[in-house]
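Trainee: what's the 3D shape of this:
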Amino acid sequence: MVEAASPGSEGTEDPTALGGYQQELKRTLGSFQVFAISFAFISVAVGIFSTYDDVLQNAGPVGIWLWVIATVGQVLVALVVAQLAGRIPLSGSSYQWASRLANPKVGWGFGWLSFCYLAIAVVAIDNALASQAFMPLVGMQPDEGTARVITLVILLVQAVVVVASTRLVSLINTTAVGLELALVVVVALALAIAVVVTGHGAAGNLTSRGITENAPDYFDVGGGLMIAMIMGLATLVGFDSAANLAEEAKDPFRSVPRAIVGSVVAAGVLGIVFLICLTIAIEDIPRITASESPVAAIMREQLGSPMERVLLAAIAIAFFGAGTVVMTACSRMVFAMSRDGRFPAHRLMRRVSPRTQTPIPATVLILAVGLVLMVALPGAALLKLITASTILPAIIYGATIVLYLAVRRRLGRKEGAFDLGRFELPVAVCALVWTLASLVVLMSPSEALVPVLIVVGLLVAGGAFFVGLLLFNRPALETEPGDVRVFEH
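Mentor: Numbers count the residues shown, from 1 in each chain. Coordinates of the predicted model:
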């Protein structure tokens, strides 16, 4: 087991060196910048903008209260993740934790799942940016082919940014987060004032089932109410991205765990305030439910078309920031696995530019994956793949909690580092129960069958490479991460 250095003590060895690695990535991220990375991945405005229509269509306006339940559950998960992030602050997050606390073979499984999730998430975010924000903002008519071309351009720009500098990524991301925070607060306040002044809207919307009033399967397993839970589950994820950039964070023992937990809490509180204001501002529930973008429609009716365009511009920037963060986190996962010889073409993927101090080949790989998905997959298949990406984080978080429960008695405690103390066991157990319930919610709808099969396919593909490692490079799966002897074989 890796012992973490005591944070804040004088003369302590760098945590990267304690992990067996040289410090190749540049430590430039302060506490707020680390927080902004996790918060940008979550992206409240983006998540609500993309999924509010699903809530109205499947559960009605009252379904927004499921956001509170999802927030509480995800905070529990974040607390457990923070426990591990504060002890092993290395790029690769769950891959590193499982490799060192269980064994390298288990760690490889964590890393592969995380790579699949992050690589798909980049494409999902950028494609949504193109089709739901950018094209409406500039007045372009909906067109799948055009959206795909724009998605590829966005991916290319993000790759250039990620390759150029982590500081530049942080600057763009911090700007996007600041704008998103201001937008959500200002819009929520403006909507509340508009409802009071004009009288258009109603507090009764908060308890209305809307068009689902007489739906027979509303409370069934896989029914409308359960489907509406997906808004919170699909949005309040990715908070562990701060852990993936731990080797570029200052004082990672403190800043990374705080960012993980703080981002979920902040997103949860901000999200429910925004949802309440949006819902009260609905004047005609059936008409808004039928609209292509309910959030934009509410803004347009209550605040006018100019405010709607401001919203779309801010949403586009938030989308771009989120996609950039996800691409950065994915490239760090590829880099982390490759420097241990556990990723395809690892000798190339582990290279870090001495000039930019960023893993260029790993970043280009993410761009290439996006290119393949955009060009090769038809629309229906792409949508199913994106849906599958909502299942992967629940699996990863559940496995991380099981890992923590299995090894928590062997984990060292460092003064000043994040620690739940006597609450660690009840929090972890509750987090595990919540994660299992989340998987039931995500996999119960009949529409989830194909996404589940896609997840199985990704596991099979990873399993094939895993078998290849066992046959041709077994030391890569048997040596401790950071052991350079793996490259002697």
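Trainee: Contacts for the helix or strand where R287 lies next, please.
Mentor: Element membership of R287 [criterion: DSSP states H and E] is helix 285-290. Residues outside helix 285-290 that contact it (C-beta atoms under 8 Å, 6 or more residues apart in numbering) are 53, 56-57, 60-61, 205, 208, 210-211, 282, 294, 297-298. For the C-beta atoms, the positions are set from N, CA and C on the backbone; glycine is no exception.
Trainee: give me that answer again for 6 Å
Mentor: Residues outside helix 285-290 that contact it (C-beta atoms under 6 Å, 6 or more residues apart in numbering): 56-57, 210-211, 282, 294, 297.
Trainee: And that helix, what's buried?
Mentor: Of all the residues in helix 285-290, those buried under the rule 16 or more other C-beta atoms under 10 Å are 285, 288-289.
Trainee: if we can go back for a sec, so of the contacts of helix 285-290, which ones are in helices?
Mentor: Secondary structure from DSSP state H places 56-57, 294, 297 of these in helices.
Trainee: most surrounded residue in the residues you listed?
Mentor: Of all those, the highest neighbour tally under other C-beta atoms under 10 Å goes to L56, namely 26 neighbours.
Trainee: Distance check, it against I285.
Mentor: Between L56 and I285 the computed distance is 7 Å (C-beta to C-beta, to the nearest Å).
Trainee: Can you work out which residues contact both of those two?
Mentor: Counting by C-beta under 6 Å, 6+ apart, the common neighbours of L56 and I285 are G210.
Trainee: remind me which residues of the chain are low pLDDT?
Mentor: 1-19, 379-384, 386-387, 413-417, 481-489 (pLDDT under 70).
Trainee: From G178, how far off is the residue lying closest to T174 once chain neighbours are set aside?
Mentor: Among residues not flanking T174 along the chain, A36 sits closest, at 4.8 Å (C-beta to C-beta, 6 or more residues apart in numbering). Note on A36: its distance to G178, by C-beta to C-beta, is 8 Å.
Trainee: Between those two, which has more neighbouring residues?
Mentor: A36 (28 against 13).
Trainee: is it true that that one touches N173?
Mentor: Yes. Look at A36 against N173 with C-beta atoms under 6 Å: they come within range, at 5.3 Å.
Trainee: buried stuff in the helix or strand containing C277?
Mentor: Here C277, judged by DSSP H and E, is contained in helix 252-280. Under the neighbour-count criterion of 16+ other C-beta under 10 Å, helix 252-280 has 252-264, 266-268, 270-280 buried.
Trainee: now do stretch 59-75
Mentor: Residues 59-67, 70-71, 73-75 are the ones in stretch 59-75 that count as buried (16+ other C-beta under 10 Å).
Trainee: Now do that stretch: distance from first to last residue.
Mentor: End-to-end distance for stretch 59-75, by C-alpha to C-alpha, to the nearest Å: 24 Å.
Trainee: now swap in stretch 440-456 and tell me
Mentor: For stretch 440-456, the end-to-end distance is 16 Å (C-alpha to C-alpha).
Trainee: from memory L311 sits against I298, does it?
Mentor: No. L311 sits out of contact with I298 when judged by C-beta under 6 Å, with a separation of 9.7 Å.
Trainee: out of those two, which sits in the busier spot?
Mentor: Neighbours per residue, other C-beta under 10 Å: of L311 and I298, the larger number sits with I298, 26 against 23.
Trainee: Can you give me every residue that contacts that one?
Mentor: 278, 281.
Trainee: Quick check on L29: phi, psi?
Mentor: For L29, the backbone dihedrals are phi -90, psi 120 (criterion: degrees, to the nearest 10).
Trainee: Neighbours of it, how many?
Mentor: Neighbours of L29 using other C-beta under 10 Å come to 29.
Trainee: Next up, the contacts around it.
Mentor: 170, 248-249.
Trainee: Return the subset of the residues you listed lying in helices.
Mentor: Going by DSSP H, the helices hold S170 from these.
Trainee: would CSV of the contacts of L29 with neighbour count be doable?
Mentor: Output for the contacts of L29, formatted as CSV (neighbours: other C-beta atoms under 10 Å):
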residue, neighbour count
S170, 23
E248, 26
A249, 26
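Trainee: Could you export the contacts of L29 as a markdown table, including distance to A448?
Mentor: Output for the contacts of L29, formatted as a markdown table (distance: C-beta to C-beta, whole Å):
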| residue | distance to A448 |
| --- | --- |
| S170 | 36 |
| E248 | 36 |
| A249 | 36 |
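Trainee: Within the helices and strands, which one has the residue nearest to V440 when sequence neighbours are not counted?
Mentor: Closest residue to V440 apart from its sequence neighbours, by C-beta to C-beta, 6+ apart: V221 at 7.6 Å. Assessed by DSSP H and E, V221 sits outside every helix and strand.
Trainee: now do the one 5 residues further on
Mentor: Using DSSP H and E, M226 sits in helix 224-228.
Trainee: Any chance you could list what contacts the next helix or strand after that helix?
Mentor: Later in the chain than helix 224-228, the nearest helix or strand by DSSP H and E is helix 230-235. Residues from elsewhere that reach helix 230-235, judged by C-beta under 6 Å, 6+ apart: 47, 51, 55, 67, 70, 390, 438.
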